[in-house]
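1. here's a sequence, model it:
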Amino acid sequence: MAELFLIHGWTCARLADRYGVTRGRIWWFVRTWIDRALALGYLQDIPPADTIIAAASHTIPVNEAAPILPVGWPPAPSVPHQIHAS
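-> Below you'll find the model as predicted:
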């Protein structure tokens, strides 16, 4: 699921339809995977290419505000569920 979401761009809704669970459950699973991967050092923060180019050429990067995502969206399920692959 994490690969489909992070690499292939699937939405939580599309994954939820595929696996028969809620979007919130998909988000919980992906968020848990990301947190675990960060804690274990498998993921790293890579700045956008325009920031790297700007730093290399000693110019001031364009200040574009990143979109603000709602905290906790989609909401986590109120009752934990177990996803079993068969």
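2. for stretch 4-13, list every residue counted as buried.
-> By neighbour count on 16 or more other CB atoms under 10 Å, the buried set for stretch 4-13 is 4-5, 10, 12. Quick note: C-beta positions are derived from backbone N, CA and C, even for glycine.
3. ah, wrong one, I meant stretch 27-34
-> 27-30, 33.
4. and of those, the nearest to Gly20?
-> Of all the buried residues of stretch 27-34, Gly20 sits closest to Phe29, with 13.3 Å by CB to CB.
5. from memory the closest one sits against Met1, does it?
-> Yes. Assessed by CB atoms under 8 Å, Phe29 is found in contact with Met1 at 5.7 Å.
6. which neighbours do those two have in common?
-> Common contact partners of Phe29 and Met1 (CB atoms under 8 Å, 6 or more residues apart in numbering): none.
7. against Val30, how distant is Leu6?
-> 7 Å (CB to CB, to the nearest Å).
8. now the lengthiest helix in the chain: mean pLDDT?
-> Identified as the longest helix of the chain according to DSSP state H is helix 23-39. The average pLDDT within helix 23-39 is 90.
9. now tell me which of the buried residues of stretch 4-13 the prediction trusts least.
-> Phe5 (85).
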